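J.: turn this into a model:
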Amino acid sequence: MNIAKVLARLRKESGYTQAEVADFISKNCGRQYSYKNISHWETAVSAPAVEQFLLLCELYGVRDILETFRGGKREFRGLPELNDLGKSRVEEYVALLFGNAIFTEAKSEDPLPKQRRIIRLYDAPVAAGAGNFLDSDYYEEFELDETAPQLSDFAVKVSGDSMTPRFVDGQIVFIKEQQALDIGEIGIFELDGDAYIKKLGSGELISLNPLYQPLKIHAYNSFHVFGKVVG
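T.: Numbering: from 1, shown residues only. Okay, the predicted model is just below:
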């Protein structure tokens, strides 16, 4: 059985985001982890160390590791068949198991499942270039927490300073996908193959930074609305 796939399934069934799992691991092992570490564990790019693996089992309520990750039980034949290195590893695992309440009699309360939502965060920055980014495969899954806008359908990164002070270079903005905006609304647009974050004016795209001139929209231009900025 693919351990990475099992970890992904257990997290989803438990109702946690990758960011929430990373926060739990970080708090309990004294080292900072991000949602990317969890994503790598769930896609077999890398594997969690023993301590992190056991913390994952604790969080997901796994009591029988062999049955959960190997799909069955087998008889434990004891330590005599192991060499000194194998025995030392068993001792390390046992010590870690005793350090986790989920594997002892005095079981602590399981964390309550939380709602999660995943959207696409596109790698292509919006300001210029990559006007067809919504049709590309250049994105990663971005897991929203309770502070993110509920209306968002995807996210992009801002490039440049044309929308300062409201939006700065490198900032992640959340977009509600829609094909039309009202005058004065800020959205993501495609103009002649380039993607921009701008305010929609009357026949033009307006920057919030006064140093930038509006981009005129003519009848002969290729123009498309990707969506409205909601956060």
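J.: from here on, contacts and neighbour counts on C-alpha atoms
T.: Will do.
J.: could you list the domains of the protein?
T.: Structural domains annotated on the chain: 3-103, 119-229, as defined by automatic domain parsing.
J.: comparing these, which gets the lowest mean pLDDT score?
T.: Mean pLDDT per stretch puts domain 3-103 lowest among the domains of the chain, at a mean of 77.
J.: residue 25 should be in a helix, yeah?
T.: Yes: for residue 25, which was evaluated using DSSP: H, G, I helix; E, B strand; the rest coil, the result is membership in a helix.
J.: wait, it sits on residue 51?
T.: No: shown here, residue 25 and residue 51 do not form a contact pair, counting by C-alpha atoms under 8 Å, at 9.3 Å.
J.: and those two? which has more neighbours close in?
T.: More neighbours surround residue 25 than the other of residue 25 and residue 51, with 23 against 18 (other C-alpha atoms under 10 Å).
J.: single out the most deeply packed of the domains of the chain.
T.: domain 119-229 (a mean of 17; mean count of other C-alpha atoms under 10 Å).
J.: ok now that one, how far from the chain's centre?
T.: Its chain's C-alpha centre lies 20 Å from the corresponding centre of domain 119-229 when counted by C-alpha atoms, centre = their mean, to the nearest Å.
J.: how long is that domain from one end to the other?
T.: The distance separating the two terminal residues of domain 119-229, taken as C-alpha to C-alpha, to the nearest Å, comes to 14 Å.
J.: swap in stretch 9-20?
T.: End-to-end distance for stretch 9-20, by C-alpha to C-alpha: 15 Å.
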